[in-house]
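**Q** Pasted the sequence and its predicted model underneath.
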Amino acid sequence: MGEVLALVEARLRTALGEPDARAAVTFLGTDRIEVLRFVDGDLVRYATLGMSAQPMADPTSALADPVKGPRAELVLTVRGGLADTDKVLRPLAVLAATPQVEGLVVAPGASLDVGDPLWPGAAFSSVLVAEPGGLVEDLDLDAPMDPVRFLPLLP
């Protein structure tokens, strides 16, 4: 688990630079989820770290495979300074914990809802999961593990 997360963080740093802040959230019965903040001019990017520690399991499977299965992290990009977007840290951690809590496989095309505004004053409580590969390239892991995909979120 730790080795995968170290590789994921290295990939995020290579693609987005050094994070200027990070927060950690632990939910009862789940692994720790961190959210890293990267500032690039007027853009602020938030990336989860911890969702990919374990493969996501198909909720219809009787047993979860501890090695094989899709792995992902979430990346949200917003324009900085227009709202208190740093309040999105907890909702992002909630979304990243969804595979562990609900046995859900997060994939492109999915809609994820936290039930409350993503940050104070936001007009939306959900995100659409977009196709990976643009901002942060997939991270290949040693076989038989699936690669880590960095899924952009669209509010």
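**A** Happy to help now that I have it. Numbering: from 1, shown residues only.

**Q** so what's the most centrally placed residue in the chain up against?
**A** Per C-alpha atoms, centre = their mean, the C-alpha nearest to the average position across the chain is that of residue 74, at 2.5 Å. Contact analysis of residue 74 by C-beta atoms under 8 Å, 6 or more residues apart in numbering lists 47, 48, 51, 92, 95, 96, 106, 129, 150, 151, 153. Using the backbone N, CA and C atoms, a C-beta is placed for each residue, glycine as well.

**Q** Next up, identify which helix or strand it is on.
**A** Secondary structure assignment for residue 74, by DSSP states H and E: strand 71-79.

**Q** who does that strand pair up with?
**A** Here the strand partners of strand 71-79, with direction, are listed using DSSP bridges: strand 43-49 (antiparallel), strand 148-154 (parallel).

**Q** To residue 67, which of those lies closest?
**A** Checking the strands paired with strand 71-79 against residue 67 by C-beta to C-beta gives strand 148-154 as the closest, at 13.5 Å.

**Q** which of the residues in the closest one are buried?
**A** By neighbour count with 16 or more other C-beta atoms under 10 Å, strand 148-154 contains the buried residues 148, 149, 150, 151, 152, 153.

**Q** Out of the residues you listed, flag the one nearest to residue 7.
**A** Nearest to residue 7 among the buried residues of strand 148-154: residue 148, at 7.7 Å, using C-beta to C-beta.

**Q** In contact with that closest one, which residues?
**A** Under the criterion of C-beta under 8 Å, 6+ apart, the neighbours of residue 148 are 4, 7, 8, 11, 52, 71, 72, 73, 138, 139, 141.

**Q** Who does it form a beta bridge with?
**A** Legend: beta-bridge partners of residue 148 under DSSP bridges are residue 71, residue 139.

**Q** which residues of this structure score low on pLDDT?
**A** 1, 59-60, 62-64 (pLDDT under 70).

**Q** Recalculate using a threshold of 80.
**A** Counting by pLDDT under 80, the chain contains low-confidence residues at 1-2, 27-30, 58-66, 81-83.

**Q** ok, which stretches of it are helices?
**A** Using DSSP state H, the helices of the chain run over residues 2-16, 89-102.

**Q** Buried residues of stretch 61-78, list them for me.
**A** Taking 16+ other C-beta under 10 Å as the neighbour-count basis, stretch 61-78 is seen to contain the buried residues 69, 70, 71, 72, 73, 74, 75, 76, 77, 78.

**Q** May I have the distance across that stretch, first residue to last?
**A** Stretch 61-78 has its terminal residues 36 Å apart, counting by C-alpha to C-alpha, to the nearest Å.
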